[in-house]
Each structure stands twice: as structure tokens, then as C-alpha cells.
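Peer 1: Mind folding the following:
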Amino acid sequence: MHIAIAGNIGSGKTTLTNMLAKHYGWQPRFEPVEYNPYLEDFYADMARWSFNLQIYFLNKRFKDVVEISRSKETIIQDRTIYEDARIFAPNLYEQGNMSERDFKNYCDLFDLMMSLVKMPDLLIYLRSSIPNLVGQIQKRGREYEASIRIDYLQGLNDKYEKWIAEYKGKLLIIDADKIKFGDNPQDFNYITDRIDAELYGLFPFESQNNVGREIV
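Peer 2: Reported below is the predicted structural model:
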């Protein structure tokens, strides 16, 4: 199976990917951030490096998707190829940080790739407010992320919500503001219960402490 985790910058994707991979024995695939040759340049000058960065991500994630489709293992992926084309590239284009020529070229390439791959068996979306994202970004302390603007994050959040509203595959939405899976074992257990229900048809007992958790 192919499980994918989607969410804005700082929403907790990598943390949840690590935790679920360990819990289920799944093989993790992480977003190529630490060794990305464009990322620091991009945050310093988005308009100059946006196309280069997006092509880099698209190339890496397409390779991942092809390898996942050929694998016999259950793989959990930190961020999807869809987010590059449906969230990040349109946001850069609409904010004037990617030219129309580059954006159209990028979208044509993405559409070709999508004709060759299938959707994940389950998409887990980490929904998060801007204050929560900012807090998490500051907490992890990456220097190149210090220049991220609020309007950039808000534009991404708006596009995430639009994409998720139109998503046609199997979907699990987690309110990352309320469900602190990285700190609270009970919250993490609740997430795994919901995953079991979605993937294996297991319906665990709903304890009183879980009432009101925003998981759709």
C-alpha cells in the first residue's frame, strides 16, 4: 500500500511519518529537504529560484511514486507529488514569484507525470492554523525558514483547503492544532485507530476522552 501525509510547512508531516513507520513497520519516504541544493537560495529570492526548486521537488517525488508503485512493501510518504503542483507552484505563480511561462511549462510536465501514476491508498491531511505553523517552524529552528512570510503560509493554507475539498481518494483529516500526536501517546493512538478503521475495517471503541477530536 501507499500511505501519504500532506500538510503545510511545519504541520508535523515528518514527525507523523516517523511515528507511523515505526508503529506499523512501514517503509518511510521523506521529503528531500536537508540536501536540497535550491532551498536556501529559494527562501532568499523566491522569484529567481521558484521554478528550479519546483522542478527539483517534482523530479524527486515522481521518482518516489514510480518506486512506490513497484514496491511490494507498504510505504508511507512525507508529502505528495500533488502538493507540488496543486499547492506550491500555483501559490508562487499567483504571488508573482513564478512567471506564467514557467508555470505553464511546469503544469504540462506534471500532467504528463500524473497520467502514469495512481493515487495513494490513503491520504492523511494535517490541517493546521497559521499560528501553529509559525510556532512549529520557529521551534525546529531552520535558518533558511526564518524568512518565510505569513502571507506565503496563508496562501498555501488556502490552497490546501481547496485541494482537500475536491480530493477524490480515501482521506483522513487530522486537526494538528488540537491533536498533539508528537507529545501525547493517547492522541497518537487515536490516529492509529482511525487508520486501522480506514485501511483494515477495524472500528475501535470510542472512549470519552476521544470525543470531539477533529478527525474526519
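
Peer 1: now the helices: where do they sit in this protein?
Peer 2: 13-24, 39-44, 46-70, 81-83, 89-94, 100-114, 130-140, 150-166, 185-200 (DSSP state H).

Peer 1: Can I get these in CSV including distance to residue 123, mean neighbour count and mean pLDDT?
Peer 2: In short, each C-beta sits where N, CA and C put it, glycine included. Converted to CSV, those look like this (distance: least, Cβ to Cβ, whole Å; neighbours: other Cβ atoms under 10 Å; pLDDT from 0 to 100):
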stretch, distance to residue 123, mean neighbour count, mean pLDDT
helix 13-24, 12, 18, 95
helix 39-44, 24, 16, 89
helix 46-70, 13, 18, 92
helix 81-83, 9, 22, 91
helix 89-94, 19, 21, 93
helix 100-114, 15, 14, 95
helix 130-140, 19, 15, 89
helix 150-166, 9, 15, 93
helix 185-200, 10, 16, 93
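
Peer 1: To residue 178, which of these lies closest?
Peer 2: helix 185-200 (8.4 Å; Cβ to Cβ).

Peer 1: packing partners for that closest one?
Peer 2: Contacts defined by 3 or more Cβ pairs under 8 Å, 6 or more residues apart in numbering; DSSP states H and E place helix 185-200 against helix 13-24, strand 122-127, strand 171-175.

Peer 1: Let me see the contact set for residue 116.
Peer 2: The contact partners of residue 116, by Cβ atoms under 8 Å, 6 or more residues apart in numbering, come to residue 66.

Peer 1: cool, residue 16 as well?
Peer 2: Contacts of residue 16 by Cβ under 8 Å, 6+ apart are 5, 124, 126, 181, 182, 191.
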